[in-house]
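Visitor: Structure of the sequence below:
(chains A and B)
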Amino acid sequence: MTEVLIKVGFLAAVALNGAIIFTIMDVKGASWMQRRPGPLHVGLRGFIFPLAEILKFVQKEDIIPTEVDRPVFKWAPAYVMVSCVALFAVVPMSPTLVVADLELGVFFALAISSLGTIGVLTAGWSSANKYSLMGGLRAAGQLIAYELPLILAVVGVVIQAETMSLVGIVEKQIEWGVPFVVGGQIIGFLIFMVAATAEMMRVPFDMPIGESELTMGFMTEYSGIRFLIFYISEYMNMFILCAVASTLFLGGYHVPLLPTEWVNFYGPVVLLTKTAILGFILVAIRWSQPRFREDQLQNLAWKILIPASLVNILVTAVMKVGF
Amino acid sequence: MEIFEIVTYFILLGLISTAIRVVTTSNVIHAAISLVFTLALTAILFLILSSEFVALVLVLVYIGAVIVLFLFGIMITRAPLGKNAELDNDKNKKLGAAIAGSIFLLFSYILINGFDGEVTIASGSSTELLGEILLTRFIFPFELVSFVLLAALIGGITLARKDEALIDKDQV
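Guide: Modelled structure (predicted):
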């Protein structure tokens, strides 16, 4: 019992700190890529500004407009938070450092990650604001469309690994010698990363919160701690989806040539490094790409990514049976 | 075991109250959210009976897809805040109660007779077995269902598509 509690506490701490580190990386990456100062004055050259940010949001008044549907409005951030944190429960940091190594781990992750959509939709609807409603609708259309390629891209990995447990998938990659991204799932990896970027609602898929047209989308009416929950969940989602991608495609807590008997020691470091590299690529894309148009976004999902992922499943299955 | 039973009864109580709220509330979004909780509690019940796969399918398909499409459909057509008078339909209340009561009696009869009132909890996970049975013994119904679904999909697209789209541009 205590072991489980320690693991839960440790992983909650990792997820929250991961979100904060990704916030710093995003802001500092923006200032580096766009040649502007960025945060400079709080702490070590601005590197601890998220702590000040959190303190600021916690003390702010939590304004609830009079026209909103109160219970729905108040509870909407909770769904997003729950879906993010629960997702991390199946990501293994090392063979033993995982909250729950479920036999159906991949399936659990996909099921839980679809919960966040409800939070976004209800937040947009209950705000009694047309910008929020438009943001909520765009978000829902986007999340529904990109959930399919996300799931279908993972099916390729599941076929290749013959298991749905995330620890099992990593062990299979260790057995193979190379991560799945090299061993035949490169298209699956690309589809997964594009779909995951859309699920995180980051540029170039950030129409739901497109600030130049919709103020702040479904978050427009939120303030104080409830806004903070949405804001942190966005980065937490980014961190966790990058960790899931590293686990499924990049070999998880292991890199080739390192001795497997020491995996419990270097495992977390390796996984976090891979996650940070993927996160940095996402930051670089965010600050160098423009936003898609809504119809382009839907076309990309339904006409390119879904057929490509179906072909990927077909090819993987044929290779699996044939060789 | 005792505390386990108490928890189960609490879940059942919550399940009944949220299910009643789905049909009694006069706000269409509140009804949908209550349905989310009803399905989530049902999934927890399946987890307690160690049917992980069914529980996760409930979450993925019903909460993640069906309810989201419900909400999406409601919001894209009309999204009234507050109460919606049309939802209170007094006319068919007696008929509805009669049908619900008879379905309840029928199901209770079948379940109590079929399992002799015993609660069977599968030992270990049965997902692998489920997949094997589905693709060997029940392969024909499985393929048939997927064929029906494909037909429904194509039918839906044909109905939703505008007629102009079917006419070749050269012919116009």
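Visitor: Quick check: phi and psi on the residue in chain B positioned nearest to chain A?
Guide: Nearest residue of chain B to chain A (Cβ to the nearest Cβ) works out as residue B:64 at 2.8 Å. To be clear about C-beta, it is placed using only N, CA and C from the backbone, and glycine gets the same treatment. Dihedral pair for residue B:64: phi -70, psi -30, per degrees, to the nearest 10.
Visitor: Check residue A:61 too.
Guide: Per degrees, to the nearest 10, the backbone of residue A:61 is at phi -70, psi 140.
Visitor: before we move on, what about residue A:258?
Guide: Dihedral angles for residue A:258 - degrees, to the nearest 10 - are phi -80, psi 140.
Visitor: where's the closest residue to chain B within the stretch 201-323 of chain A relative to residue B:133, distance?
Guide: Scanning the stretch 201-323 of chain A for the residue nearest chain B gives residue A:218, at 11.1 Å (criterion: Cβ to the nearest Cβ). As judged by Cβ to Cβ, to the nearest Å, residue A:218 and residue B:133 stand 43 Å apart.
Visitor: Determine the number of other residues adjacent to the residue of chain B closest to chain A.
Guide: 25 (other Cβ atoms under 10 Å in any protein chain shown).
Visitor: That one: what's it in contact with?
Guide: Residues in contact with residue B:64, defined by Cβ atoms under 8 Å, 6 or more residues apart in numbering or on different chains, are A:111, A:114, A:115, A:117, A:147.
Visitor: Could you pick out the buried ones from those residues?
Guide: Buried members of the contacts of residue B:64, scored by 16 or more other Cβ atoms under 10 Å in any protein chain shown, are A:111, A:114, A:115, A:117, A:147.
Visitor: So what's the gap between the host helix or strand of residue B:114 and the chain middle?
Guide: Taking DSSP states H and E as the criterion, residue B:114 maps to helix B:93-115. Offset of helix B:93-115 from its chain centre (Cα atoms, centre = their mean, to the nearest Å): 17 Å.
Visitor: ok so, going back, counting neighbours around each, name which of residue A:218 and residue B:133 comes out higher.
Guide: residue A:218 (32 against 13).
Visitor: shouldn't the more buried one be in contact with residue A:129?
Guide: No: taking contacts as Cβ atoms under 8 Å, residue A:218 lies outside contact range of residue A:129: 9.2 Å.
Visitor: Show me the shaky parts of chain A.
Guide: A:1 (pLDDT under 70).
Visitor: what do you get if the cut-off is 90, keeping everything else the same?
Guide: Confidence mapping of chain A against pLDDT under 90 gives the ranges A:1-148, A:150-189, A:196-276, A:278-280, A:282-305, A:312-313, A:315-323.
Visitor: show me what contacts the residue of chain A found nearest chain B?
Guide: Nearest residue of chain A to chain B: residue A:114, at 2.8 Å (Cβ to the nearest Cβ). If a contact means Cβ under 8 Å, 6+ apart, then residue A:114 has A:83, A:143, A:147, B:59, B:60, B:63, B:64, B:65, B:68 as its contacts.
Visitor: Out of those, which end up buried?
Guide: Buried among those (16+ other Cβ under 10 Å): A:83, A:143, A:147, B:59, B:60, B:63, B:64, B:68.
Visitor: Can you name the residues of the stretch 101-250 of chain A that neighbour chain B?
Guide: By the criterion of Cβ under 8 Å from any Cβ of the partner chain, the positions of the stretch 101-250 of chain A lying close to chain B are A:102-104, A:107-108, A:110-112, A:114-115, A:117-118, A:121-122, A:124-126, A:128, A:133, A:136-137, A:140-141, A:143-144, A:147.
Visitor: switch the cut-off to 10 Å
Guide: By the rule Cβ under 10 Å from any Cβ of the partner chain, the part of the stretch 101-250 of chain A lying against chain B is A:102-104, A:107-118, A:120-122, A:124-128, A:130, A:133-134, A:136-137, A:140-141, A:143-144, A:147-148, A:151, A:164.
Visitor: So which bits of the helix or strand harbouring residue A:196 are buried?
Guide: Here residue A:196 sits within helix A:186-200, counting by DSSP H and E. Buried residues in helix A:186-200, counted by 16+ other Cβ under 10 Å: A:187-200.
Visitor: name the helices or strands packed onto it?
Guide: Helices and strands touching helix A:186-200, by 3 or more Cβ pairs under 10 Å, 6 or more residues apart in numbering or on different chains; DSSP states H and E, are helix A:130-161, helix A:224-249, helix A:263-286, helix A:306-322.
Visitor: Just put the ones you listed in CSV and tack on distance to residue B:27.
Guide: CSV is the format used below for these (distance: least, Cβ to Cβ, whole Å):
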stretch, distance to residue B:27
helix A:130-161, 16
helix A:224-249, 21
helix A:263-286, 38
helix A:306-322, 35
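Visitor: closest to residue B:50 out of these?
Guide: Smallest distance to residue B:50 across the helices and strands packed on helix A:186-200 (Cβ to Cβ): 21.8 Å, for helix A:130-161.
Visitor: and the angle from the closest one to helix A:306-322?
Guide: 10 degrees (axes from the mean of the first three to the mean of the last three Cα atoms, to 10 degrees).
Visitor: what's the closest non-adjacent residue to residue A:104?
Guide: Excluding the flanking residues, the one nearest residue A:104 by Cβ to Cβ, 6 or more residues apart in numbering or on different chains is residue A:164, at 5.1 Å.
Visitor: ok, that neighbour touching residue A:111?
Guide: No: Residue A:164 lies out of contact with residue A:111 (Cβ atoms under 10 Å); the separation is 11.6 Å.
Visitor: Identify the contacts common to those two.
Guide: In terms of Cβ atoms under 10 Å, 6 or more residues apart in numbering or on different chains, residue A:164 and residue A:111 are both contacted by the residues residue A:104.
Visitor: returning to what we had before: list the contacts of the residue nearest to residue A:104.
Guide: Counting by Cβ under 10 Å, 6+ apart, residue A:164 has contacts A:90, A:102-110, A:154, A:157-158, B:127.
Visitor: Fine by me, we can end here.
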